[in-house]
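K.L.:
Predicted coordinates and the sequence they were generated for:
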Amino acid sequence: MLYKRLYTRLKEVVTWSSTSRESPSKANTSNVMVLDFDVLYLIMVALRSSSRGSLLPLMQTCATLYRAGIPLLLRGPLPIGNSCSDSVLNFLLQDSSRLRYLRDLRVVPFRPPLSNSLETEVWRTQFTQVLAGTVRSLKRLHIECFQKEYHYALLDAADSLLELEELVIDSMDRRVEAMLMNMRSPIRSVSLSHRAGNLAPIPILERFSDTLTTVTLNCPIFTHRGIRFPRVHTLNLRTSCYFENDVEGMYGSFPNVVHLSMHATSAPSVSSVYEVHRQNTDGEHRGWSDLQSLSCSAQYYYAAGLACKAKYWMDANLDSRSITYFHDVLRKVQPSYLQLHFIPRHTTTELLADSLCVANLVHLDLSVEAWLYEQGVQHFLECLATSINSLGPIRFLRLHILYSHAPYILQKEFRTVSLKELSQLLARSNPQLSFISLCLTCNSFEKDQWSYWQVVPGEHGAIVEMLGDGRGDQMEHAIGFR
């Protein structure tokens, strides 16, 4: 591996150590190359971006690099509570000055749990010392599970962590609620998850109403009138059911949302969507006037009775169940950038044209799952190109076709599709197009290989020129798609 070769070479390269008083210029350099410290430090930064393990061998070459590597070693999430937690705690407590470099702490479950009460008490004391030493440096705390080994230590340290800005709790209960009530940190970002339905997150977060800007809730939201978070601009909601959230309460508590994400793990029936939509609207539509980006399905948006515009709409799903009201949702959102996952199944691609017609749609990121299609691949692609033409003045098209569920005979036909001919077909059908990104994949786990095309006007119609291929997004950034 790279870091092993560097370790072996740098044992010869580095000409100073913790015990040597010779400067690199005076050292014997007949058979070694002297690297400047800045160069070595850049190598350490590059190794740390890979993993902590890649950095350790280089730190062991000399005292200078060892000291320089400690801040890099403690950069990023540091797990506490796993099998190597004892060595981590001992390393931190050997020199209290190391604690000031700790910015991100992740408390993970003990596997296996500590064996006896004495071992638990020793660990708890060390963990308390670590928390006490990071009261001015710790910026992010991620608690995966609230176990007894660090329960009281976290409760005691809650009011001392004065610079904490981001808090993530994966398993919330009454003990976590007590910890939050003691916190005095200016929390700006919080993520809460819990399975119990009797914990209401809004009242718990009220003490941070003046500082919170980003809220992620993996739990239901209920109405709490009078509790507002005026500075929250990013709201992420994850629930098990589309209808667990009280939309009116959500809008009342977070009135100034700019980035909204709403997702649920279960999909309701069409009749349920219409019923909840009728209950939520009552003749009055609600929404955020300053909303810029929206990430949710059409079902969630429609059932919530929202009517707010957004410049960017991501994670929009269209299938045979939601196609009946997708046009209504799209007309209300009116995005200029649309990321759409389309599953025709028992419908045809012509229905896509009936559902999409947005005058200001400029960027389209379209993912299509090709299922049973009796007319063949060529007819499928022609219908798809015609459907895209009806969307509006699209300039940037990103098209990903996944044909893993198609019959085997159609899969063989898809493999023979020429990307250049497909891009030419799309360009002829859509005269407004300027750039096209294409990808055809049989299996979702395959490495996506994209090709990038520029549409150039010609005497006999538009022609396409290939710009490049690969996986990176740099090309799409360069042409202005992202």
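P.N.:
Nice, I can see it.

K.L.:
Determine the set of other helices and strands touching the helix or strand hosting Leu260.
P.N.:
Assigned by DSSP states H and E, Leu260 belongs to strand 259-264. Judged by 3 or more C-beta pairs under 8 Å, 6 or more residues apart in numbering; DSSP states H and E, strand 259-264 is in contact with strand 234-239, strand 293-295, helix 298-304. Any C-beta I mention is one placed from the backbone N, CA and C, and that applies to glycine too.

K.L.:
out of the ones you listed, nearest to Ser209?
P.N.:
Evaluated over these, closeness to Ser209 peaks at strand 234-239, with 13.8 Å, by C-beta to C-beta.

K.L.:
could you dump that closest one to CSV, C-alpha only?
P.N.:
Taking Å, rounded to 0.1, in the frame of the first residue of the first chain, the C-alpha atoms of strand 234-239 are listed here in CSV:
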residue,chain,number,x,y,z
THR,A,234,-33.1,23.7,6.6
LEU,A,235,-35.8,21.2,7.7
ASN,A,236,-35.4,17.4,7.1
LEU,A,237,-38.2,15.1,8.1
ARG,A,238,-38.0,11.3,8.1
THR,A,239,-41.1,9.4,9.2
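
K.L.:
Under the pLDDT cut-off, which ranges of the stretch 1-150 of the chain? List them.
P.N.:
Along the stretch 1-150 of the chain, the model assigns pLDDT under 70 to residues 1-35, 49-50, 82-86, 110-120, 147-150.

K.L.:
for it, what spans make up the helices?
P.N.:
For the stretch 1-150 of the chain, the helices defined by DSSP state H, counting those that start in this stretch occupy 2-13, 37-50, 52-59, 63-73, 85-94, 117-133, 148-157.

K.L.:
Mean neighbour count and distance to His341 added to those, as TSV?
P.N.:
Formatted as TSV, these follow (neighbours: other C-beta atoms under 10 Å; distance: least, C-beta to C-beta, whole Å):
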stretch	mean neighbour count	distance to His341
helix 2-13	14	38
helix 37-50	15	32
helix 52-59	18	37
helix 63-73	17	40
helix 85-94	15	41
helix 117-133	16	44
helix 148-157	18	40
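
K.L.:
out of these, nearest to Phe380?
P.N.:
For Phe380, the closest of those is helix 37-50, at 42.8 Å, according to C-beta to C-beta.

K.L.:
what's near enough to touch the residue lying closest to Thr128 once chain neighbours are set aside?
P.N.:
For Thr128, ignoring the flanking residues on the chain, the nearest one in space by C-beta to C-beta, 6 or more residues apart in numbering is Ala153 at 4.5 Å. Applying C-beta atoms under 8 Å, 6 or more residues apart in numbering to Ala153 gives the contacts 124, 127-128, 131.

K.L.:
try 6 Å this time
P.N.:
Applying C-beta atoms under 6 Å, 6 or more residues apart in numbering, we find Ala153 in contact with 124, 127-128.

K.L.:
and if you look at Glu163?
P.N.:
Arg136 are the contacts of Glu163 under C-beta under 6 Å, 6+ apart.

K.L.:
So it: helix, strand or coil?
P.N.:
Put simply, Glu163 is coil when judged by DSSP: H, G, I helix; E, B strand; the rest coil.

K.L.:
Renumber starting at 58 from here on
P.N.:
With 58 as the first residue, the last one maps to Glu220.

K.L.:
Quick check: phi and psi at it.
P.N.:
Backbone geometry at Glu220, expressed as degrees, to the nearest 10, gives phi -110, psi 10.

K.L.:
Distance check, it against Leu159.
P.N.:
Taking C-beta to C-beta, to the nearest Å as the measure, Glu220 falls 11 Å from Leu159.

K.L.:
In the beta-sheet assignment, what are the partners of Asp422?
P.N.:
Note on Asp422: beta-bridge partners Gln396, Arg455, judged by DSSP bridges.

K.L.:
What pLDDT is listed against it?
P.N.:
pLDDT recorded at Asp422 is 91.

K.L.:
shouldn't it be in contact with Gln396?
P.N.:
Yes. The criterion here is C-beta atoms under 6 Å, and Asp422 meets it with Gln396 at 4.2 Å.

K.L.:
Those two: who's more crowded?
P.N.:
Taking other C-beta atoms under 10 Å, Asp422 and Gln396 do not tie; Asp422 has more neighbours (21 against 17).

K.L.:
Please report the distance of the more buried one from Arg485.
P.N.:
21 Å.

K.L.:
just the helices and strands packed on strand 316-321: most buried one?
P.N.:
Comparing those by mean neighbour count (mean count of other C-beta atoms under 10 Å), helix 355-361 ranks first with a mean of 26.
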